[in-house]
Every structure is written in structure tokens, then in C-alpha cells.
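Engineer: Build the 3D model from these lines:
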Amino acid sequence: MVETSRRREIEDAACLLFHERGYSGTSVRDIARAVDMQAASLYGHVASKQDVLWSIVEPTATRFEVAANAVEAADPGSLVFGPGVHLISLVRGHVGIVTDDIGRASVFVHEWRALDLGRRDEIAARRDAYEARFRAAIANGVEDGAFAPVDPRMTAAYILTALNGLVAWYRPDGELSARVIGDAYADLSLRAVQARDGWT
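Structural biologist: You can find the predicted model right below:
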């Protein structure tokens, strides 16, 4: 338990530093200093700075996937509640992960490309698969006539770019709660795809 607690302390310190300075701007010595350790002692808890980055990025990727899995499990293929509910559920799930741990979400969004090649390729593939869920939700809505004839790839990229932008400004102690933001972003995302008069 002590070792687990110490490892978490190191990850938390590294996460804050990666968020503030970026991965490349943070040294092992910086992380060690933040947890009041010698740099050499840090390696008794972590294999490398890459190891620490992976321990932040990979679980965060999994959390996004689990949230999307829950949406699909609740309504496979949007057959019950329809594509609009499916899309806004994906959006709310994404906002929930970002706002639940803004530091780790920020490192995931901005620093995953600093991973070594093999791990970077894995995360890239998982990000693509995750985005494909948004594209599919939008494509289903377009096909059903529930959404305007938007381009699913471009629209999914637009929505996810907006959602990931939360890491730049959301504060847990800010005026807007995570729930309010989730509802607002869900509404804005739905407005981006809703059919309106004049669409053909």
C-alpha cells in the first residue's frame, strides 16, 4: 500500500509538471524534487519518465473507451433512443472524463505524442477508434434523416476538438460545474448536426 501510494504521488506530481511545462520541459530531477526525493531514488518506483507518462496516458485512454462502451451498451446501434441521444451521451461521457481529472486529461490531450513510437502508435490507433464512434453516431443520424447532411468525419473532429479544449480552461472550483458544461456542450454538439429549414 505504501508503494502504491508513493507511485501515485509521483504520477500526480509528474502530471502537474507535464501539464504546466510539457513532457519535454520536465526532467526526472524536476519530478523527484516535487516529491522530495533524489532523482536516483525515483527509479526505485518508476522505470523512466516514459513509464510515468504512459501510466497517465494509457489509463486515461481506457477511461474514455469505458465511457463510450457504456453509451453503446445502453442503446446498441441507437435503436431505442435514437442518434441524437446517442451523440449527446457520448459528449457528456467525454466531458465527464475530462472534468473528473483535468490534469490527466490535459496530459492525455497534449502529451501523448511524446510517447515512444510503439506506445504512441497504440494510443493513436485507440484515439482513431474512439473518434470513429462519434463519426458513426453522426453518420447514423444523417442516414436516418435525424441530422443535417453534415460530413461525419469533419463534424466529429469539430466536436472532439471543442471537447478537448476544456483542458485549457476548465477549473473544478470555477463558476461552471461539470454537469452544466456537459449539458451545454451536449446541446451545442446537437445543434451542430440538427436538420434545419433550408437543408436539402
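Engineer: domain assignment for this structure?
Structural biologist: Domain assignment for the chain, taken from automatic domain parsing, gives 1-46, 53-193.
Engineer: any idea of the mean pLDDT in the last one?
Structural biologist: Averaging pLDDT along domain 53-193 yields 94.
Engineer: Next: stretch 16-30.
Structural biologist: Mean predicted lDDT for stretch 16-30 stands at 94.
Engineer: residues in contact with it?
Structural biologist: Residues outside stretch 16-30 that contact it (Cβ atoms under 8 Å, 6 or more residues apart in numbering): 14, 31, 34, 39, 42, 48-49, 53, 56, 103, 106-107, 110-111, 114. In this view, the C-beta of every residue, glycine as well, is placed from N, C-alpha and C.
Engineer: about what we covered before: can you convert the domains of the chain into CSV and add a column each for mean neighbour count?
Structural biologist: Output for the domains of the chain, formatted as CSV (neighbours: other Cβ atoms under 10 Å):
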stretch, mean neighbour count
domain 1-46, 15
domain 53-193, 17
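Engineer: all strands of the chain, in order?
Structural biologist: In the chain, no strands are found when defined by DSSP state E.
Engineer: If we ignore the residues flanking it in sequence, what's nearest Ala157?
Structural biologist: Glu131 (7.2 Å; Cβ to Cβ, 6 or more residues apart in numbering).
Engineer: check contacts around that neighbour.
Structural biologist: With Cβ under 8 Å, 6+ apart, Glu131 has these contacts: 156-157, 160.
Engineer: And it, how far from Ala156?
Structural biologist: With the distance defined as Cβ to Cβ, to the nearest Å, Glu131 ends up 6 Å from Ala156.
Engineer: Run a quick check on Ser55 versus Glu11, I expect a contact.
Structural biologist: Yes. At 5.6 Å, Ser55 and Glu11 qualify as touching, with contact defined as Cβ atoms under 8 Å.
Engineer: and the longest helix for this protein?
Structural biologist: Assignment by DSSP state H gives helix 117-144 as the longest helix of the chain.
Engineer: Would you enumerate the residues in contact with Gly145?
Structural biologist: Applying Cβ under 8 Å, 6+ apart to Gly145 gives the contacts Ala195.
Engineer: No further questions, thank you.
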